[in-house]
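Engineer: sequence first, then the predicted structure, then my questions.
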Amino acid sequence: MFWVQTSLPKIAANIHQNNSLFYLQQQSLPGSDNLGQAIPDAAANLTQSQLTSWAGNHWILIAGIVLVVLAVIVLFLVRQILINSVLGLIVFAIAKFVFNIDLPLIPSLILSIVFGLAGIGCLLVLKFLGVL
């Protein structure tokens, strides 16, 4: 027999173990009847007081516009970097497995992720010149 008591919400649970089957009994504690209504009321009052202090504040408007613009820029840049990296990995796989070009694995993967197509292109030029 295990006894578990949680602090939020104030519910005591008595857990019995019987051949890998668990039974959960809940016991209402004093004051737990009003708990379901007290939390939403407190959250509504807190939210209303915060909204009234933020209403009409121009710095909040400026911060919101700046964050939206930054989000659009970051998404555009991350999308371009991700596409370039994926294309680099695809070209690396084609060069390695289809054309059987012996490229070093770890440097090729790093260059294809960081520089994309240009990294694999540099490795192919170095391979042609006999440096690799």
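Structural biologist: Done, it's in.

Engineer: please, where are all the helices along this structure?
Structural biologist: With DSSP state H as the criterion, the chain has helices at 35-54, 58-93, 105-115, 117-129.

Engineer: let me have the ones you listed in a markdown table, extended by mean neighbour count.
Structural biologist: Every residue, glycine included, has its C-beta placed from N, CA and C. Listed next are those as a markdown table, based on neighbours: other Cβ atoms under 10 Å:
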| stretch | mean neighbour count |
| --- | --- |
| helix 35-54 | 10 |
| helix 58-93 | 12 |
| helix 105-115 | 16 |
| helix 117-129 | 15 |
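
Engineer: I'd like those written out as CSV, with mean pLDDT and distance to Phe99 added.
Structural biologist: Converted to CSV, the helices of the chain look like this (pLDDT from 0 to 100; distance: least, Cβ to Cβ, whole Å):
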stretch, mean pLDDT, distance to Phe99
helix 35-54, 65, 61
helix 58-93, 90, 10
helix 105-115, 89, 13
helix 117-129, 92, 10
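
Engineer: residue contacts, the spatially closest residue to Gly116 that is not a sequence neighbour?
Structural biologist: Nearest residue to Gly116, sequence neighbours excluded (Cβ to Cβ, 6 or more residues apart in numbering): Asn84, at 3.4 Å. Listed by Cβ atoms under 8 Å, 6 or more residues apart in numbering, the contact partners of Asn84 are Phe115, Gly116, Leu117.
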